[in-house]
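> sequence and predicted structure below; questions after.
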Amino acid sequence: MLARSADQRRKVHKASISDAIKREYATATGADLDRLLWDRAYKEQHRRSLTAFFKEQMRQHSWLLEKQFLNVVSGAADADVLVITGMRDEAPTATLSHLVQNSRLLDIRVTASEKTRQTRRKCQAGDDDRHEIHDCENHNSSDNGSDCKSNSTTLDYCPSLVFDNGATGDEAVRRFAHTYLLPFLHRDLERLASMVLPVPDFPRTGIEFRHVLNIAQQQGGLALCTSLLQTHFINDWDKIGMVACCEAGGFVFASALAQKVGVPLALIREAGKLPPPIVSIDKPSSHISSSEPNNLKGKKLEMSRDLILRGPSVVVVDDVLATGRTLCAILQLLAKAGISNEDISIIVIAEFPIHRGRELLYRNGYGGIRIQSLLVFGGA
Ligand SMILES: O=P(O)(O)OC[C@H]1O[C@H](OP(=O)(O)OP(=O)(O)O)[C@H](O)[C@@H]1O
Ligand SMILES: Nc1ncnc2[nH]cnc12
């Protein structure tokens, strides 16, 4: 149970993704499943053939990883929080979020020094380290659970969080859960979500529109959202040199945030609105705008070319992440302005995983950029 306070207990379920493959292996080969799960020496004997079996299954079933993931999820339907261990996917949040579109999917990279790992392997026969099937690597990272820069050199993918599993005992786990996981269950986020009511069949039949800008039209809505943006994701705003945002939705939330944290804005506008010198990029239509008649082609986005950065990092703030086309264009524009990916992070108010925006960004080479959202909505 993950407890926020005595009256608010959350049901937490833990499952291992690799148990499924062990089960299938045991059925196919007659191996003893219980011993595969709990007897390390026995598991070691089977390691090679288990790995070969897994690779062959992967070759035969291209949807194997997704199927196993969904099986584990459906086995924990009553849980508030499901922790899945042993994930082998390179970029789980980017590639699997759309399968659980009503939930927030966070990927936590667990790290420990090689020495610690070796010691644990020796001491904990029958322990819960199931990475060996999946050829998982160990990646170094900072210990604050949220700094991606140190990881981007080892993998071009930024996990949602990093947990340094160097210490023994439960204290570090508890601290991590309280610092980085419980905020996602905070009632202020529920309050914010309640301001974004669904509007059926807008702007066209079949779309359940979420009026994210409506937050700013509620008494106290913008203040709540701004305060969450300020406190939820970034510890040290002094290190941020600029908040970049795109009209129209992004302007509303980014302006309030920039004012609160004392950081200047980089305003991205549609073509022809900003004086030269500018940088410019084609922008395909967003999911919502592509449903407008005469707007299938998209537009150009522009930004002043010579913005002086006060610090090294840029935070891109937008109201919505859906297909990711808008954020992709923004990132291309920032690249044209000479800002490199390591210096960028992204915050959105609401994301709609069904449209697979994170995947688009990942496949376009932006996987190393941290993307964080306050709210997650399912639906079309
Ligand atoms: O991930 P995507 O599919 O690109 O969708 C996200 C974009 O959609 C909305 O903008 P829109 O282009 O509709 O313009 P607006 O901000 O002027 O409403 C929103 O403000 C995001 O910028
Ligand atoms: N359902 C939705 N509501 C608001 N903005 C969106 N962008 C993509 N899908 C959306």
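Looks like it came in fine. Ligands and ions are numbered 1, 2, ... in the order given.

> any figure for the gap between the residue of the chain found nearest ligand 2 and ligand 1?
Nearest residue of the chain to ligand 2: residue 322, at 3.3 Å (C-beta to the nearest ligand atom). C-betas here are computed from N, CA, C, even on glycine. According to C-beta to the nearest ligand atom, to the nearest Å, residue 322 stands 3 Å off from ligand 1.

> buried set for the lengthiest helix in the chain?
Looking across the chain with DSSP state H, the single longest helix is helix 40-60. Using 16 or more other C-beta atoms under 10 Å as the test for burial, helix 40-60 gives 42-43, 46, 50-51, 53-54, 57.

> rewinding a little: show me the contacts for the residue of the chain closest to ligand 2.
Under the criterion of C-beta atoms under 8 Å, 6 or more residues apart in numbering, the neighbours of residue 322 are 286-288, 351-352, 355, 357.

> can you list the buried residues of helix 40-60 in a markdown table and add distance to residue 156 and pLDDT?
Listed next are the buried residues of helix 40-60 as a markdown table, based on distance: C-beta to C-beta, whole Å; pLDDT from 0 to 100:
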| residue | distance to residue 156 | pLDDT |
| --- | --- | --- |
| 42 | 37 | 94 |
| 43 | 31 | 91 |
| 46 | 33 | 95 |
| 50 | 29 | 93 |
| 51 | 25 | 91 |
| 53 | 29 | 94 |
| 54 | 24 | 90 |
| 57 | 26 | 91 |
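
> those residues also near ligand 1: which ones?
Applying C-beta under 6 Å from any ligand atom to those, one finds that nothing falls near ligand 1.

> which two among these are spaced furthest apart?
Within the buried residues of helix 40-60, 42 and 57 form the most distant pair, 20.6 Å apart (C-beta to C-beta).

> which pLDDT does the model give the residue of the chain closest to ligand 2?
We have a pLDDT of 97 for residue 322.

> now swap in residue 168 and tell me
Taking residue 168 on its own, its pLDDT is 80.

> which element, helix or strand, includes it?
For residue 168, there is no helix or strand it lies in under DSSP states H and E.

> phi, psi for it please.
phi -90, psi 160 (degrees, to the nearest 10).

> measure it to ligand 1 for me?
From residue 168 to ligand 1 the distance is 43 Å (C-beta to the nearest ligand atom).

> quick one: contacts for that residue?
Contacts of residue 168 by C-beta under 8 Å, 6+ apart: none found.

> and the gap between it and residue 305?
Remark: distance between residue 168 and residue 305 (C-beta to C-beta, to the nearest Å) = 53 Å.

> doesn't residue 28 belong to a helix?
Yes. Assessed by DSSP: H, G, I helix; E, B strand; the rest coil, residue 28 belongs to a helix.

> that one contacts residue 50, doesn't it?
No. Residue 28 is not in contact with residue 50 according to C-beta atoms under 8 Å; the separation is 10.6 Å.

> residue 209 bridge partners, please.
Beta bridges link residue 209 to residue 199, judged by DSSP bridges.

> now do the contacts for it.
Taking C-beta under 8 Å, 6+ apart, we find residue 209 in contact with 198-200, 202-203, 288.

> filter those residues by proximity to ligand 1?
Answer for these near ligand 1 (C-beta under 6 Å from any ligand atom): residue 288.

> can you map out the strands along the stretch 201-350 of the chain?
208-210, 240-246, 265-270, 278-283, 299-304, 313-321, 344-351 (DSSP state E, counting those that start in this stretch).

> the third one vs ligand 1: in contact?
No. Using C-beta under 6 Å from any ligand atom as the criterion, no contacts between strand 265-270 and ligand 1 are found, and the smallest distance is 8.4 Å.

> that older thread, right, and the helix or strand after the longest helix of the chain?
Assigned by DSSP H and E, the successor of helix 40-60 is helix 64-74.

> and that following helix, how far out from the chain's middle?
Centre-to-centre, helix 64-74 and its host chain are 18 Å apart (C-alpha atoms, centre = their mean, to the nearest Å).

> contacts for that helix, please.
If you take C-beta under 8 Å, 6+ apart as the criterion, helix 64-74 is touched by 15, 17, 20-21, 57-58, 61, 82, 84, 88-89, 96, 99-100.

> show me where pLDDT drops low in the stretch 201-350 of the chain?
Applying pLDDT under 70 to the stretch 201-350 of the chain flags the ranges 291-297, 308-311.

> what residues does it put near ligand 2?
Checking the stretch 201-350 of the chain against ligand 2 by C-beta under 6 Å from any ligand atom, the hits are 207-210, 287-288, 320, 322.

> again, only using 8 Å
By C-beta under 8 Å from any ligand atom, the residues of the stretch 201-350 of the chain that approach ligand 2 are 207-212, 286-288, 320, 322-323, 350.

> residues in contact with the nearest residue to residue 317 once chain neighbours are set aside?
Among residues not flanking residue 317 along the chain, residue 254 sits closest, at 3.9 Å (C-beta to C-beta, 6 or more residues apart in numbering). Residue 254 makes contacts with 243-245, 265, 317-318, as judged by C-beta under 8 Å, 6+ apart.

> what ranges do the helices span in the stretch 151-300 of the chain?
For the stretch 151-300 of the chain, the helices defined by DSSP state H, counting those that start in this stretch occupy 171-176, 187-194, 221-232, 249-261.

> can you list those in CSV and add distance to residue 35?
Formatted as CSV, the helices of the stretch 151-300 of the chain follow (distance: least, C-beta to C-beta, whole Å):
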stretch, distance to residue 35
helix 171-176, 27
helix 187-194, 44
helix 221-232, 44
helix 249-261, 54
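
> point out the most buried one among those helices.
helix 249-261 (a mean of 20; mean count of other C-beta atoms under 10 Å).

> okay, buried residues for stretch 76-91 please.
Buried positions in stretch 76-91, judged by neighbour count with 16+ other C-beta under 10 Å: 76, 81-89, 91.
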